[in-house]
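Asker: Model the structure of this input:
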Amino acid sequence: MTVERRLYFRPPAMLAVLLVLLPGGAIAQAPPGAPAMQLQSPSSAQMPPSSSKPVPPAFTLTAPRGGNAAPAATAPLQLAPTNQPPPPMAAVQQAVPHLRAGEVALLASARFGRDLPITGGLTWRVYADKPDNNGMQRLLKEEKSASPTFALPAGGYIVHVAFGLASAVKAVQLRDEPVREIFDIPAGGLRLEGRVGDVKIASGHISFEINKGSQFEPGDKKPIVSSMMTGDVVLLPEGTYFIVSKYGDGNAVVRSDIRVQSGKLTDVLVTHRAAAIMLKLVSRQGGEALANTEWAVVSPAGDVIAETKGAFPRVILAEGEYRIIARNENKTYPQDIKVITGVDGEIEVLAR
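Answerer: Model prediction:
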């Protein structure tokens, strides 16, 4: 099965100066009756030996696009240039530029874990370490290269680097000699896919949002990533998150906790217990569908799950029992139905 692979980025919010990374945490236990999560242990991140052939990267860096969840597998993120293996950190060379009198070179680079250098998609910002008259640290330099070298007057600075939604920050003191700083970014990748049974849900019919922390923690939750599509890869600081998967526009929604590990790509399969149903109002069985029909799907508790209009509307519903109400020419035609997971079909409502 081919899975489209992309990296998803969101520009970081402006700093107060020191950015606090999202904390890690244990996955909360689901309450009784909630779907169980099936977790597999992640594979170890291993660097290829020096004698191995170049390995293409697992992903290409791109700009952002705006039930049961089981991490099927994890793998190390390989973010080296195309057709090149990830070099060890010691092999990353940075030239010291010509310096003016009183300037000192700061050579910066970033990595996942111990031996995974990040070679693209970074944004660097250097701030003064002392606040100005307004109480704010002044932005002095900004770079988007993988391994920038900053020429700065001797003194103290705050250096911040962002990679997707993850970041790291350091206080740096420059004196006489060049300073080399390696920033460890505790982040990992998360890729999502939805299925009904063994059938993959096509992209465009399912969307995901990602929230910080566990779904069982108190307090209001605001998504940090919205409208994420199948196959996208979002980079997140290491920690616990809960995902909300919505299949269609009805009530087929699954919420699950997930753990993101630094330097790993976690594939998540979200299994929906739902089916796609096409509705028809007919004057006789097998007859033509009546146009200009209004539809409502109502739960046994009387809640309206979906409303639509047309001769052949398609609704996606979670498994269960419903009442379908068709309205045409000021007449109402109700019918009870039962939705079974994976059994897509057509429902005819007789206009009589």
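
Asker: Could you use CA atoms for every contact and neighbour count after this?
Answerer: Will do.

Asker: any idea which helix or strand of this protein has the worst average confidence?
Answerer: Lowest by mean pLDDT, DSSP states H and E among the helices and strands of the chain is strand 6-8, with a mean of 35.

Asker: Determine how far stretch 336-351 lies from the middle of the whole chain.
Answerer: 34 Å (CA atoms, centre = their mean, to the nearest Å).

Asker: For residue 131, which residues are in contact?
Answerer: Contacts of residue 131 were listed using CA atoms under 8 Å, 6 or more residues apart in numbering, and they are 137-138.

Asker: if you set the cut-off to 6 Å instead, what comes out?
Answerer: residue 137 (CA atoms under 6 Å, 6 or more residues apart in numbering).

Asker: What residues are bridge-paired with the one residue sitting closest to the centre of the chain?
Answerer: Central residue of the chain (CA atoms, centre = their mean): residue 234, 3.8 Å from the mean position. Counting by DSSP bridges, residue 234 is bridged to residue 8, residue 190.

Asker: now residue 277, which residues is it bridged with?
Answerer: With DSSP bridges as the rule, residue 277 is bridged to residue 315, residue 345.

Asker: Residue 259 too?
Answerer: Applying DSSP bridges, one finds that residue 259 bridges with residue 240.

Asker: That one - how many residues pack around it?
Answerer: By other CA atoms under 10 Å, 21 other residues sit near residue 259.

Asker: Also residue 333?
Answerer: 15.

Asker: Might you report the residue contacts of it?
Answerer: 325-326.

Asker: oh, and call the first residue 196 from now on, that's how I've got it
Answerer: Yep, numbering from 196; the last one is residue 528 now.

Asker: Could you give me the buried positions within the host helix or strand of it?
Answerer: In the assignment (DSSP states H and E), residue 528 maps to strand 526-534. By 16 or more other CA atoms under 10 Å, the buried positions in strand 526-534 come out as 529, 534.

Asker: Partner strands of it and their direction?
Answerer: Here, using DSSP bridges, strand 526-534 pairs with strand 515-523 (antiparallel).

Asker: Let's see the strand it pairs with as CSV, backbone CA atoms only.
Answerer: Output of strand 515-523 as CSV, limited to C-alpha atoms (Å, rounded to 0.1, in the frame of the first residue of the first chain):
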residue,chain,number,x,y,z
GLY,A,515,-26.1,1.8,15.3
GLU,A,516,-29.8,2.3,14.9
TYR,A,517,-31.4,5.5,13.4
ARG,A,518,-34.6,7.0,12.1
ILE,A,519,-34.5,8.5,8.6
ILE,A,520,-37.0,11.2,7.9
ALA,A,521,-37.6,12.3,4.3
ARG,A,522,-39.7,15.4,3.5
ASN,A,523,-41.0,16.1,0.1
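
Asker: Tell me the buried residues in that strand?
Answerer: Across strand 515-523, burial judged by 16+ other CA under 10 Å covers 517-522.

Asker: what sits up against stretch 380-391?
Answerer: By CA under 6 Å, 6+ apart, stretch 380-391 touches 307, 361-363, 396, 425, 427-433, 455-467, 537.

Asker: Run through the stretch 296-445 of the chain and note the low-pLDDT ranges.
Answerer: 308-310 (pLDDT under 70).

Asker: What are the boundaries of the strands in it?
Answerer: Using DSSP state E, counting those that start in this stretch, the strands of the stretch 296-445 of the chain run over 298-307, 311-312, 317-323, 334-338, 344-348, 350-358, 361-369, 374-379, 382-391, 394-395, 401-407, 420-423, 427-432, 434-442.

Asker: Nearest to residue 547, out of those strands?
Answerer: strand 434-442 (32.8 Å; CA to CA).

Asker: How far does that closest one sit from its chain's centre?
Answerer: From the chain centre to the centre of strand 434-442 is a distance of 9 Å (CA atoms, centre = their mean).

Asker: Who are the packing partners of that strand?
Answerer: strand 401-407, strand 447-455 (3 or more CA pairs under 6 Å, 6 or more residues apart in numbering; DSSP states H and E).

Asker: if we can go back for a sec, now the strands of the stretch 296-445 of the chain in TSV, with distance to residue 544?
Answerer: As requested, those are exported to TSV (distance: least, CA to CA, whole Å):
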stretch	distance to residue 544
strand 298-307	57
strand 311-312	60
strand 317-323	57
strand 334-338	63
strand 344-348	70
strand 350-358	54
strand 361-369	52
strand 374-379	61
strand 382-391	26
strand 394-395	28
strand 401-407	27
strand 420-423	34
strand 427-432	39
strand 434-442	24
